[in-house]
Structures are given as C-alpha cells and as structure tokens.
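Asker: Just the structure for this:
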Amino acid sequence: MRRARDERGVVFPSPVVMLSIIAVAMAAVAFVATRGAEPTEREVTTVARSQAPSPSSSASATPTQKPRPKPVVNRAKTYVEVYNNSGITGLAGTVATRTTDAGWQVVGTDNWYGSVSGNTVFFPPRLKAEATLLALDLGIDRTAVAVDPMRLDRLTVIMTGELG
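Answerer: Numbering: from 1, shown residues only. Now for the predicted structure:
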C-alpha cells in the first residue's frame, strides 16, 4: 500500500518583498533615532554697531585686548556649487549668475534631491567666514556645516525658493 504524497510545505516570500520589509524597518529605525536631534542650521544676522563712543564709557574704560584681525575672504578663489531644491525651473542657474556677479567662483549647478528646510549656505569648518559673506551677498539667512555627500573644499548653496 502506497501512501499519498503530502504536498504541504513552507513558501518563502520573494526577495523583493523581503527587501521591502527590511527597507521599511530601516527607515523606521532611522526616523526614531533622529527624531529628537537638534538642527545643525543657524541663522545669519547682521548687527549694526555705533561708531561714536558714549561720553560716560570713555571715563570708565578699562584696558582692552587688541581685536583679532578678521580673516580675509578672497571670493575669486572660493569654489561654490549651487543646487535647486525647489520646483522653480532654472533657479540654480539664476542664483549661480548672481553669485558669479558678486565675485565668487561658481564651479557647478544642479538639482538637489533631499530635504532642506530653507535657502542655506553649507560650509566646511575652514570656510565659515566665506559662507557668512556669501550668505550676506545673496541675502540668505541660514548657514550650516556641510554634511555628506557635500564636498569639503567648497561652499554649497541649496535653494528651496526665490531669493528675497
């Protein structure tokens, strides 16, 4: 007597389904891990200083240290890349032209794929003074330290809307 063959078994999901489940799990972990992180962006503001000393301050003045010399920024030797992160066609090209007209050396324009919360000048730590000056030249209120995949030998401007 022969027994009928049992055709029960386990069916594994296709590799695409497995990869999708892993991707969703990794996205959830990344969301939870970065949810409470402080933003690394800063606002750039200008401060007007009075040139004339007040009469009362000169009588009680204490000896002060010599002010540190400000770093000299050479616009023509600073590389700048401009990216469009908005739906405005040609925005990166328009801002690149304005940047070049201000004396900066624009070395590239393209679209940026990612999430940036406003017009921002990103800089490597050694180019902080240059980033502040470029932000003032363009009327951009925010600067931030460059992050991967940005290049660390230049400033990166990411536009999310028109310049003011």
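Asker: Tell me which residues touch the most centrally placed residue in the chain, please.
Answerer: With distances taken as Cα atoms, centre = their mean, Phe122 lies nearest the centre of the chain, 4.0 Å away. Each residue near Phe122 by Cβ atoms under 8 Å, 6 or more residues apart in numbering is listed here: Ala131, Thr143, Ala144, Val145, Ala146, Val147, Met150, Leu155, Thr156, Val157, Ile158. Any C-beta I mention is one placed from the backbone N, CA and C, and that applies to glycine too.
Asker: what's the closest of these to Ser20?
Answerer: Taking Cβ to Cβ as the measure, Ser20 sits nearest to Val147 out of the contacts of Phe122, at 27.3 Å.
Asker: what's around that closest one, how many residues?
Answerer: 10 (other Cβ atoms under 10 Å).
Asker: now do Val157
Answerer: Counted with other Cβ under 10 Å, the neighbours of Val157 add up to 28.
Asker: which stretches of this structure have low pLDDT?
Answerer: Scanning the chain with the threshold set as pLDDT under 70 gives 1-13, 36-64, 68-71.
Asker: and Gly93, that's in a strand?
Answerer: No. Under DSSP: H, G, I helix; E, B strand; the rest coil, Gly93 sits outside any strand and is assigned helix.
Asker: If you tally nearby residues, what's the number for it?
Answerer: Gly93 is flanked by 13 other residues according to other Cβ under 10 Å.
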